[in-house]
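Engineer: Here's a sequence, model it:
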Amino acid sequence: MIEDLRIDRVGPIDKVDLTLGRLTVITGANGTGKTSVLRALQSALGEPDLPADAQSVVIAGTRRRGWKAGQPVEGPGPWPMAVPLRLQPAELARPSALSSSPVLLDPLGTGLAGAVARGLLADPSLHDRLVADLAQVAPGVQRIRAVPTSDGLLRLRLDLERAPDVPQERLGGGTLAALGLLTVFHAQPREHGVLLLIDDIETCLHSDAQRALVQVLARAPAGLQIVLTTHSSHVVDAAGAENTWVLGRNAEGRTTALLI
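Structural biologist: Numbering: from 1, shown residues only. Below is the predicted model of the structure:
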C-alpha cells in the first residue's frame with residue numbers, strides 16, 4: 001500500500017505532501033489540483049500522463065519509488081497497478097464485448113457489460129456480492145445478467161424489485177456508475193495490488209447513494225487502495241475526517257493540503 005506521496009510542480013500544485021490510507025478522499029475548490037493528485041499517482045506508478053518539465057512525484061510505503069518528467073520511473077517493484085476512473089453515464093450504458101484488457105474497465109466506463117461478464121465468468125460468487133452492495137446504493141436491485149445481443153456484444157439486464165429485466169441503457173446514471181465502480185472494486189485482478197483512482201465520485205449520485213457507496217468502498221480488501229476526488233460534503237462525511245485531505249490556495253496562490 002502507498003502510504004506517503006510527495007508532489008512537486010504538477011498542475012497547480014507547487015509542493016504537497018500527503019499520507020494515504022486504504023481509502024483517501026481529496027476535496028477542495030475547482031482549480032486547486034484534485035485531479036492533478038490522481039494524475040501524479042498514475043505517473044508515479046509507471047503510466048506517465050504529465051508533460052515533460054520539472055515535475056516530480058515520489059511515493060513510499062514499504063518501498064520507495066520516484067518519477068521525474070522525462071525520466072523512467074525509478075524504484076523497486078512490483079507496485080500496484082493504477083486504475084483511473086472518471087465514469088460517464090453515456091459510455092456505461094453502451095453494450096460491449098467481453099473484456100480482455102488487464103484493466104477491467106475503461107476510464108470513462110466503456111465496456112461495462114463485458115467487464116461484469118468477465119468478472120462473473122471468473123468467479124460466479126461475484127454476482128451475490130455485486131447485488132448486495134449495489135442494492136445499498138440503488139435499493140431494489142435483485143439480479144444482474146450479461147446477455148448477448150444480435151450483433152455479438154453483451155448487454156446488461158437488471159431485475160429490480162418493481163421492474164424486472166431492465167436493459168442497461170434504461171438504468172439511471174447513478175446506478176450505472178455505482179455498478180461500474182463496484183465491478184472494479186470486486187473483480188479487478190489484484191496480483192500486485194490495485195490503486196483505484198476515482199475522479200468526481202459523486203457524479204449522477206444523490207446524497208444517500210453517495211454515502212452508501214463510500215461506506216462500501218471503505219471496506220476495501222487487502223490488495224486494493226482507493227484515492228478519490230469529490231466536491232461533495234456527503235462523500236466527506238461518509239469517509240470521515242481522518243481520511244480526507246482539503247486542497248486550497250495560500251496567500252501566494254500555491255496549493256496547500258490540510259488533513260481535516
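Engineer: How many residues are close by residue 132?
Structural biologist: Using other C-beta atoms under 10 Å, residue 132 has 12 other residues around it. Where C-beta positions appear, they are placed from N, C-alpha and C, glycine not excepted.
Engineer: what does the one 3 residues further on give?
Structural biologist: Residue 135 is flanked by 15 other residues according to other C-beta under 10 Å.
Engineer: quick one: secondary structure of it?
Structural biologist: helix (DSSP: H, G, I helix; E, B strand; the rest coil).
Engineer: ok, it touching residue 141?
Structural biologist: Yes - if you go by C-beta atoms under 8 Å, residue 135 and residue 141 touch, sitting 4.6 Å apart.
Engineer: so who does residue 231 touch?
Structural biologist: Contact analysis of residue 231 by C-beta atoms under 8 Å, 6 or more residues apart in numbering lists 27, 200, 202.
Engineer: Now it. Its backbone dihedrals?
Structural biologist: phi -110, psi 0 (degrees, to the nearest 10).
Engineer: try residue 233
Structural biologist: phi -70, psi -30.
Engineer: what's it in contact with, if anything?
Structural biologist: With C-beta under 8 Å, 6+ apart, residue 233 has no contacts at all.
Engineer: The one helix or strand residue 118 maps to packs against which elements?
Structural biologist: Using DSSP states H and E, residue 118 maps to helix 112-122. When contacts are defined as 3 or more C-beta pairs under 8 Å, 6 or more residues apart in numbering; DSSP states H and E, helix 112-122 packs onto helix 126-137, strand 141-148, strand 154-160, helix 173-187.
Engineer: does the nearest residue to residue 24 once chain neighbours are set aside count as helix, strand or coil?
Structural biologist: In this structure, residue 24 finds its nearest non-sequential neighbour in residue 227, 4.8 Å apart by C-beta to C-beta, 6 or more residues apart in numbering. Secondary structure, three-state DSSP: residue 227 is strand.
Engineer: and residue 227, what are its bridge partners?
Structural biologist: residue 24, residue 197 (DSSP bridges).
Engineer: I'd guessed it sits against residue 197; true?
Structural biologist: Yes - if you go by C-beta under 8 Å, residue 227 and residue 197 touch, sitting 5.6 Å apart.
Engineer: Give me the common contacts of these two.
Structural biologist: 38, 41.
Engineer: just checking, residue 105 touches residue 116?
Structural biologist: No - between residue 105 and residue 116 there is no contact under C-beta under 8 Å: 9.2 Å.
Engineer: buried stuff in the helix holding residue 118?
Structural biologist: Going by neighbour count (16 or more other C-beta atoms under 10 Å), the buried part of helix 112-122 is 112, 113, 114, 115, 116, 117, 118, 119, 120.
Engineer: coming back round to it: out of the helices and strands packed on helix 112-122, which is the most enclosed?
Structural biologist: Greatest average neighbour count among the helices and strands packed on helix 112-122 goes to helix 173-187 (a mean of 24), per mean count of other C-beta atoms under 10 Å.
Engineer: quick one, that one and helix 126-137 angle?
Structural biologist: 140 degrees (axes from the mean of the first three to the mean of the last three C-alpha atoms, to 10 degrees).
Engineer: Nothing else from me, thank you.
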